[in-house]
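K.L.:
give me a model of this one.
(2 chains)
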2 protein chains.
Amino acid sequence: MPRTNDPGRTVSSRLLEVLFAFSSDHPCLSVADLTRMTGMSRATVRRLVLELVSVGALQRDDSGRYTVGLRLWQLGTLAPLTESLRTLAQPFLEDLYTALQQHVQLAVLEGQEAVIIERLSAPGALPLASHVGGRQPLHCCGVGKVLLSHADQELIDKVLSGPLRRYTDRTVVDPVELRSQMAACRRTGTAIVRGEFTDDADSVATRIMDAEGRVVAALSVVVRAGSVKPHATLPSVVTSGLALSRMLGWRPARSPTASAL
Amino acid sequence: MPRTNDPGRTVSSRLLEVLFAFSSDHPCLSVADLTRMTGMSRATVRRLVLELVSVGALQRDDSGRYTVGLRLWQLGTLAPLTESLRTLAQPFLEDLYTALQQHVQLAVLEGQEAVIIERLSAPGALPLASHVGGRQPLHCCGVGKVLLSHADQELIDKVLSGPLRRYTDRTVVDPVELRSQMAACRRTGTAIVRGEFTDDADSVATRIMDAEGRVVAALSVVVRAGSVKPHATLPSVVTSGLALSRMLGWRPARSPTASAL
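P.N.:
Numbers count the residues shown, from 1 in each chain, chains lettered A, B, ... in the order given. I've put the predicted structure just below:
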């Protein structure tokens, strides 16, 4: 594998390191920032940045710093389950949004976190910590609990045995209690979470399934804590989730009685 | 610059070549496809693909082929003027969509094309050629004419002197007529286009401006040709565009009379 002077790092891994240094915490970086963050030489960083700019993966802003480029955004829209799921989900999100007038969001599992891939927010709705493209912990938010409970046993064990951050006084971090929540969530396909991620937010979430019955996403509404009874919201969230799952080819398993009719 | 055996291509440029081989026409590619498309050796392609998979820029699908990964989508959401503009635009797009029940879309200039960064479509609306993240020609669609007419003179000259594809019988490809359209579009900030990109679609577009008065995007509605009178749609499109521009900090220039009041 071709290597530069710095042993252990390939040229291509350096390029990716510069690219993935950009994050929602650092959306705009200078060559000096990137030099500090990656530990590469300024000359190397400058060369890699220019190469990324030349293909549109990065772009230079008015201040001379760099941001992610529009061509990279376009490339990202090709990721399966994002644009197609977002597009399919749009009418269902809109209907829920119309009915509830707060936040409606769709998330998928990525590594050990939930990634918000779409959100509709009413003007004046509760301010939320994360944005579209942002991440949320699996153990203490609605979409997270739904995604985690339907994940491989290996991931469940890993998350529940790892350090579990206590975001609020109400965050459940006891693995035994979480395992019991996971079991209930697998049974019902839903999660109701009150003030576990931020004090002021309750969320009501449900699973989204594909034609093979796999859980590919989670849908939730997030409301101001105490503003509505979560159980009153649940049926509309569940029906929207099932409708979206049907769009993905999912069909309810027929009971023996039903198939005998 | 470090080079591999193949003269003229750096290792990092090869990595980007593999990554940008993915497109809306080719969202899913095998190592064999990539080998053919890039002209690199199969071993090189395989190594670069594995490197891209290891950081989540690509992912392997069930068939063993590769697609763009979710982490790249997340990175793309950091591009300025996409996620932020999409989020700001959402209520305005929804209102227009509610009022008109067809397609409402938002586009920005990228190179010599318009890129659709957001779209709301009614179920049963006219099927459209391009998707979110897709591209449209500048000379013959509503958002394209608005973006081109407000671009640098250099870009206008380049596009109008280049080959202009005739998509339908009604596509205007005469540079003189196009220049006259550009001038009108700069004056009014709007474009009405009938059947120039596809026979069955009319579009009504307006400019979106930022605090400095720069045109940063274009908003349009696309309706079935002949279904509504474009001029009847224009006021709602223009008011939505001005409202969104105000959200971006734009304010109308005061006339001497108005400021004297």
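K.L.:
residue numbers of the stretch 101-250 of chain A in contact with chain B?
P.N.:
A:V108, A:E110, A:G111, A:V115, A:I117, A:L120, A:S121, A:P123, A:H131, A:V132, A:G133 (Cβ under 8 Å from any Cβ of the partner chain). Any C-beta I mention is one placed from the backbone N, CA and C, and that applies to glycine too.
K.L.:
which members of the residues you listed are the farthest-apart pair?
P.N.:
Spatial extent of these (Cβ to Cβ) is set by the pair A:G111 and A:P123 at 32.6 Å.
K.L.:
in chain A, which spans are strands?
P.N.:
A:28-29, A:58-60, A:66-68, A:103-110, A:113-121, A:135-137, A:190-194, A:201-209, A:215-224 (DSSP state E).
K.L.:
helices and strands around the second one, which ones?
P.N.:
Other helices and strands packing on strand A:58-60, by 3 or more Cβ pairs under 8 Å, 6 or more residues apart in numbering or on different chains; DSSP states H and E, are helix A:42-54, strand A:66-68.
K.L.:
parallel or antiparallel, list what pairs with it.
P.N.:
strand A:66-68 (antiparallel) (DSSP bridges).
K.L.:
where is pLDDT lowest across the residues of the stretch 101-250 of chain A next to chain B?
P.N.:
pLDDT across these is lowest for A:P123, at 65.
K.L.:
which one's more surrounded, A:G111 and A:P123?
P.N.:
Neighbour count, other Cβ atoms under 10 Å in any protein chain shown: between A:G111 and A:P123, A:G111 has more, with 12 against 7.
K.L.:
now do the phi/psi pair for that one.
P.N.:
phi 60, psi -120 (degrees, to the nearest 10).
K.L.:
show me what contacts it?
P.N.:
Neighbouring residues of A:G111 by Cβ atoms under 8 Å, 6 or more residues apart in numbering or on different chains: B:G56.
K.L.:
what about it, distance to A:E94?
P.N.:
Distance of A:G111 to A:E94, given as Cβ to Cβ, to the nearest Å: 29 Å.
K.L.:
before we move on, the earlier item: now mean pLDDT, distance to A:V228 and mean neighbour count too, for the helices and strands packed on strand A:58-60, in CSV please.
P.N.:
Conversion of the helices and strands packed on strand A:58-60 to CSV gives the following (pLDDT from 0 to 100; distance: least, Cβ to Cβ, whole Å; neighbours: other Cβ atoms under 10 Å in any protein chain shown):
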stretch, mean pLDDT, distance to A:V228, mean neighbour count
helix A:42-54, 95, 46, 17
strand A:66-68, 95, 37, 23
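K.L.:
can you put these in a markdown table and add distance to B:E196?
P.N.:
Shown next, in a markdown table, are the helices and strands packed on strand A:58-60 (distance: least, Cβ to Cβ, whole Å):
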| stretch | distance to B:E196 |
| --- | --- |
| helix A:42-54 | 33 |
| strand A:66-68 | 33 |
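K.L.:
any idea how far the closest residue to A:M37 other than its chain neighbours lies from A:S240?
P.N.:
Distances taken as Cβ to Cβ, 6 or more residues apart in numbering or on different chains put A:A21 closest to A:M37, at 5.0 Å, once the chain neighbours are dropped. Remark: distance between A:A21 and A:S240 (Cβ to Cβ) = 38 Å.
K.L.:
those two - which one has more neighbours?
P.N.:
A:S240 (23 against 16).
K.L.:
tell me the contacts of the more buried one?
P.N.:
So A:S240 contacts A:F92, A:L93, A:D95, A:L96, A:T206, A:L219 (Cβ under 8 Å, 6+ apart).
K.L.:
just the buried ones from those?
P.N.:
A:F92, A:L93, A:L96, A:T206, A:L219 (16 or more other Cβ atoms under 10 Å in any protein chain shown).
K.L.:
now, which of those residues sits nearest B:E154?
P.N.:
Using Cβ to Cβ, these come closest to B:E154 at A:L93, 41.2 Å.
K.L.:
quick check: the residue lying closest to A:D61 once chain neighbours are set aside vs B:L52, distance?
P.N.:
Nearest non-adjacent residue to A:D61, counting by Cβ to Cβ, 6+ apart: A:T67, 5.6 Å away. Taking Cβ to Cβ as the measure, A:T67 falls 21 Å from B:L52.
K.L.:
could you do A:Q59 as well?
P.N.:
21 Å.
K.L.:
could you export the buried ones among the contacts of A:S240 as CSV, including distance to A:V143?
P.N.:
Formatted as CSV, the buried ones among the contacts of A:S240 follow (distance: Cβ to Cβ, whole Å):
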residue, distance to A:V143
A:F92, 15
A:L93, 13
A:L96, 14
A:T206, 9
A:L219, 8
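K.L.:
any chance of those in TSV, plus pLDDT and distance to A:L160?
P.N.:
Formatted as TSV, these follow (pLDDT from 0 to 100; distance: Cβ to Cβ, whole Å):
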residue	pLDDT	distance to A:L160
A:F92	84	31
A:L93	84	30
A:L96	84	30
A:T206	97	22
A:L219	96	23
